[in-house]
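Peer 1: Make a model of this:
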Amino acid sequence: MDHEPARPAAPAGTSEPEPFTTADYAARMAAAAEAAADAGLAGLLIAPGPDLAHLTGYRPTAETERLTLLVLAAGRDPVLVVPALEAPDAAKAPGAGALALRDWTDGKSPYAVTAPLLEAAGRFGVSDNTWSLHLLSLQRELPATSYVPLTDALPMLRAVKDERELARLAAAGAAADAAYAQILHLPFADRRESDVAADLAGLLRVHGHSQVDFTVVGSGPNGANPHHEAGDRVIRRGDMVVLDFGGLKDGYGSDISRTVHVGEPDAEEQRVHDIVREAQQAGVAAVRPGVSCQEVDRAARAVITEFGYGDRFIHRTGHGIGVTTHEPPYMVEGEERPMVPGMCFSVEPGIYLPGRFGVRIEDIVTVTADGGLRLNNAPRELALVD
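Peer 2: Residues are numbered from 1 along each chain as shown. The predicted structure follows:
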């Protein structure tokens, strides 16, 4: 049956976040250009996506084959190359006052416009989502140039958040907590997964999200697939249900997972949930400055392995979050970069029993001066729903 979630007023005490200024964006671009120079790069080429949003505040309204590219290099003023028909919108971006706009018109080559802005024989860092069409065309204009993805060249470019970014992430986390608190009071049994997913999406929007990126609802055996997309399966009494949902609020991400049970769980279901909860706590407890990111994964994984489910924890323990819901750093074996105050990432161990059920518990955590601070505070006990 269809069900429309309650539509409460915005939470008391909420307010618009303090906006980022032109000076903030100018400082970000200057720092990025210096980091590129320190890494031996001639500059950075930033296409539409999270890097461009972080550095300039500009989010083009639609993905297009027309070239849009921010060019950054130490000692040079930043330049944003844009299609002429999109230049008016680009000029309104919060960081536009800190850069020059260079537009191009249909019928002309955007690469001929961009090439003079680059060194003829440089090695450039490029945002990961840059179209190969654009890079190959630029290389045709400048055959001696080469390119490396930012994930390889500057993986920590957006990893450390300032106080205002942390405030936005905390507000996004609180909004996701509020959505979870309300979903527990809505019916699960005899409804499709997609119905509950729609409820979650609606509640995220009620609590201030402008964008919903995912609403995983994995009931019964579907919960054993970590990235199961909510489908037409009807949730039954006796099901474990994995809920994993998030999106963007005021430009910054939320991401939370909780596992609920429809009616009373059996002893094994409760035990597996307790193990994951203990593993998640161990992962959070491992967060502190100077310790490598992989130690968070090791701490959580050790608990699950100790109880005999090591082969059923089949993904990394966490991922960074900021202007997008997945970004560096990653909490995974082999990631030896040290944690730094201001880093924000998920801690989300899980156990997945194929054909039966799954359990995952996830919070966003930020590194503080002496440990870690959760940005999600929704209860982690196994909640019982109707």
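
Peer 1: Which parts of the chain belong to which domain?
Peer 2: 22-153, 163-385 (automatic domain parsing).

Peer 1: Need the winner for burial among the ones you listed.
Peer 2: domain 163-385 (a mean of 20; mean count of other CB atoms under 10 Å). The C-beta positions use only the backbone N, C-alpha and C, and glycine is treated the same way.

Peer 1: quick one, phi psi at the residue most central in space within the chain?
Peer 2: Taking CA atoms, centre = their mean, the centroid of the chain lies closest to Thr325, which sits 1.2 Å from it. With angles defined as degrees, to the nearest 10, Thr325 sits at phi -80, psi -10.

Peer 1: Then the one 10 residues further on?
Peer 2: In terms of degrees, to the nearest 10, the main-chain angles of Glu335 are phi -90, psi 100.

Peer 1: Could you do Ala36 as well?
Peer 2: According to degrees, to the nearest 10, Ala36 has phi -60, psi -40.

Peer 1: What distance do you get for the closest residue to it other than its chain neighbours to Ala93?
Peer 2: Nearest residue to Ala36, sequence neighbours excluded (CB to CB, 6 or more residues apart in numbering): Leu44, at 5.0 Å. Leu44 sits 17 Å away from Ala93, going by CB to CB, to the nearest Å.

Peer 1: Over to Glu163?
Peer 2: For Glu163, the distance to Ala93 - CB to CB - is 22 Å.

Peer 1: now do Leu184
Peer 2: 40 Å.

Peer 1: same question, Val296
Peer 2: Val296 sits 35 Å away from Ala93, taking CB to CB as the criterion.

Peer 1: what do you get for Ala121?
Peer 2: 31 Å.

Peer 1: Quick check: Arg374 touching Ile361?
Peer 2: No - using CB atoms under 8 Å, Arg374 makes no contact with Ile361, being 11.4 Å away.

Peer 1: can you tell me which residues contact the residue lying closest to Thr114 once chain neighbours are set aside?
Peer 2: Using CB to CB, 6+ apart and skipping residues adjacent in sequence, the residue nearest Thr114 is Val81, 5.1 Å away. Neighbour list for Val81: Leu67, Thr68, Leu69, Leu70, Val71, Arg102, Asp103, Trp104, Pro110, Val113, Thr114, Leu117 [criterion: CB atoms under 8 Å, 6 or more residues apart in numbering].
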